[in-house]
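Student: only geometry, no sequence info:
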C-alpha cells in the first residue's frame, strides 16, 4: 500500500512516499522545499500559495515515479490560519505566529475573559501567539478580512481545501487554537461570543483518520492524476509525531524535537486542574480521541537563529561543526532558560544571551562553541524539569524518554538529555511526523487494526538508538543550579 505524507515545518516542507508491505514500512522523501516566511509592509507572513504549489509538485513527483498513492494527508505547525470569504477565496495571507501583531494582546484578552476561565474551557497552555490572540489582535485592529470572513481554516485545513474544495477542521490542530472545548467536544461558542468572534466561521471538526474528500476535478486535470482520497491526519505535526512513538504500551513520555521541543505523555482524558494551569501545561488532541499532556519548549530555534546570525557575519558553520565545538567547550559554564520571552522573536540571539547572562549574574559565552554548549545544556536541563512536571501532573513514572523528530540527529543533545534526566533516551524515528501521518492513513485504509499495531510496525521498521545516562552527580548538581538561576521552583 502506498500513501503520501506532506510534513510542513516552520522552515521547510517535505513530501514523503510511504510503502507498506506486510508490517514493514519504507519511507522515501520525493520532494523537499523551503518554507521561508515573507516580510512585507512591516508584517511577517506565510507564503501559503507557494506552499500549495509545492504540494502539487509533490504529487507530480509521485506520479513521475509511477507511485501514485491511494491516499494523501498533510500535517504542519499549529495555531496559524486563513479566512475565506463568501466566494470561497482566501481573504489575506496568513500571518506567521512570530509576527509582532499579538504583542500585549494576551493580557488584554484576560481583561475580557480571565486566564483561569480560558484554561477551564480549553485546557491549553498560554502562548502569546495562540490562535485566540491572533484573532483578538485582528479584531482590535479592525482588520477588514474579519468583516468579510465566512470560514476559518488552519494551515493544513486550508491546503486541504485548495485540493478538495471541502471545508473542515481537524481535531488535533483545532485544540491548539485555545478556542476548542475538549469537555464539550466542539468549538467553545460561549468563549467565541465573549471575544466577539463569530461561531459560524468554525466548521465541522474531523477526527484523525477520517476521510476529508478527494482531489477536485480542476486539480486532477492540471496534474494529470486521478481523484486521490485525502485523509485528515493528526494534522498538528506533534500529533503525528506522537502517533509514531514506537512505544508498546502506555504510559510513555515523548519529546518531539526540532525547531520546537514538545515534551509530554499521551492521556485518555485532558488534565485541566489548577496545577496544570499553574505549570502552564497544555492538552492538545491526539489520535483516537486521546490528549497530549505536554509543554512547549523553545527547542533548537535558538541554535538555528544563532547560526543564521553568524552566517550574516560571514561565519558559516555546519551543525556537525557547531556540535563538535560545543563538545570541546567547558562544561556547565553558563545557562539560559530557553523559554525566556527574549528568545521568542526572530533575529540575532547572541546579544540576547549576553543580556540574559547580565540579568542573571553570569559570565556570558565568548566563543561559538561556548554559545552552542550553553544552548544545548540549557535545553537538556529544561527537558528534565518538564519531564518531572509531566510525571507530577500525570501521576505516572516513566522509565525513560522517547525522542522523535529531526533533532535526534544531534546525537550530543540526545546524550546530554539522557544524562540530565538520569534515564535512558530512545531516539527514533527521525521523520516522526511524516511516519505518524502515514500510519494514520494506513489505519484509515484498514492496513493496521489500530494505533498499537501501527506503533509495533514502526518499532520494527526504523532503528532506535539508546542513550544511557552518564556523570549523574555532575548533572544533578548542575540541575540544581540551573533551576535556581532560571527561577524554576
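Tutor: Received the coordinates, thanks. Since the structure is predicted, the reported quantities are computational estimates derived from the model, not experimental observations.
Student: drop to CA atoms for contacts and neighbour counts, all remaining ones
Tutor: Will do.
Student: please, which helix or strand holds residue 30?
Tutor: Using DSSP states H and E, residue 30 maps to strand 24-34.
Student: helices or strands up against that strand?
Tutor: Counting contacts by 3 or more C-alpha pairs under 8 Å, 6 or more residues apart in numbering; DSSP states H and E, strand 24-34 is packed against strand 12-21, helix 48-64, helix 451-461.
Student: give the bridge partners for the nearest residue to residue 99 once chain neighbours are set aside, please.
Tutor: Closest residue to residue 99 apart from its sequence neighbours, by C-alpha to C-alpha, 6 or more residues apart in numbering: residue 44 at 5.2 Å. Taking DSSP bridges, one finds residue 39 as the beta-bridge partners of residue 44.
Student: where does residue 7 land on pLDDT?
Tutor: pLDDT recorded at residue 7 is 98.
Student: which other helices and strands does the helix or strand hosting it contact?
Tutor: Assigned by DSSP H and E, residue 7 belongs to strand 2-8. If you count contacts as 3+ C-alpha pairs under 8 Å, 6+ apart, strand 2-8 packs onto strand 12-21, strand 71-75, helix 432-445.
Student: of these, which is nearest residue 390?
Tutor: helix 432-445 (21.0 Å; C-alpha to C-alpha).
Student: what strands flank the strand holding residue 30, and is each parallel or antiparallel?
Tutor: Next to strand 24-34 in the sheet, as set by DSSP bridges, lie strand 12-21 (antiparallel).
Student: give me the contacts around the strand it pairs with.
Tutor: The contact list for strand 12-21 (C-alpha atoms under 8 Å, 6 or more residues apart in numbering) reads 1-8, 25-36, 55, 58, 62, 69, 434-435, 438.
Student: make a ChimeraX selection of the buried ones in those.
Tutor: To isolate the buried subset of these in ChimeraX, counting by 16 or more other C-alpha atoms under 10 Å, use the following:
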select :2,3,4,5,6,7,8,25,27,29,30,31,32,33,35,55,58,62,69,434,435,438
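Student: what strand or helix carries residue 378?
Tutor: helix 368-394.
Student: name the helices or strands packed onto that helix?
Tutor: Looks like helix 368-394 contacts strand 261-267, strand 291-297, helix 301-312, helix 319-328, helix 411-421, helix 472-486 (3+ C-alpha pairs under 8 Å, 6+ apart).
Student: could you list the domains of this protein?
Tutor: As assigned by automatic domain parsing, the chain contains the domains 2-231, 245-428+449-489.
Student: how long is the longest one end to end?
Tutor: This stretch, domain 2-231, spans 13 Å end to end (C-alpha to C-alpha, to the nearest Å).
Student: swap in the last one?
Tutor: Taking C-alpha to C-alpha, the span from the opening residue of domain 245-428+449-489 to its closing residue is 30 Å.
Student: next one: that domain to chain centre, how far?
Tutor: Remark: domain 245-428+449-489 is offset 13 Å from the chain centroid, using C-alpha atoms, centre = their mean, to the nearest Å.
Student: note down every partner strand of the strand holding residue 7 and its orientation.
Tutor: Assessed with DSSP bridges, strand 2-8 is paired to strand 12-21 (antiparallel), strand 71-75 (parallel).
Student: what would these look like in a markdown table with mean pLDDT and distance to residue 147?
Tutor: Listed next are the strands paired with strand 2-8 as a markdown table, based on pLDDT from 0 to 100; distance: least, C-alpha to C-alpha, whole Å:
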| stretch | mean pLDDT | distance to residue 147 |
| --- | --- | --- |
| strand 12-21 | 97 | 32 |
| strand 71-75 | 98 | 29 |
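Student: quick one: closest of these to residue 465.
Tutor: Here strand 12-21 is closest among the strands paired with strand 2-8 (C-alpha to C-alpha), at 22.0 Å.
Student: tell me the angle the closest one makes with helix 451-461.
Tutor: 90 degrees (axes from the mean of the first three to the mean of the last three C-alpha atoms, to 10 degrees).
Student: buried ones in strand 12-21, by neighbour count?
Tutor: 13, 14, 15, 16, 17, 18, 19, 20.
Student: and which of those residues is nearest residue 330?
Tutor: Using C-alpha to C-alpha, those come closest to residue 330 at residue 13, 36.0 Å.
Student: show me the beta-bridge partners of that closest one.
Tutor: residue 8, residue 33.
Student: distance check, it against residue 132.
Tutor: Distance from residue 13 to residue 132, by C-alpha to C-alpha: 25 Å.
Student: how about residue 60?
Tutor: Taking C-alpha to C-alpha, one finds residue 60 at 36 Å from residue 132.
Student: so for these two, which sits in the more crowded spot?
Tutor: A count of neighbours by other C-alpha atoms under 10 Å puts residue 132 above the other of residue 60 and residue 132, at 24 against 19.
Student: a helix runs through the more buried one, doesn't it?
Tutor: Yes: assessed by DSSP: H, G, I helix; E, B strand; the rest coil, residue 132 belongs to a helix.
Student: switch to numbering from 17
Tutor: Yep, numbering from 17; the last one is residue 148 now.
Student: who's sitting farthest from the centroid in the chain?
Tutor: residue 237 (33.6 Å; C-alpha atoms, centre = their mean).
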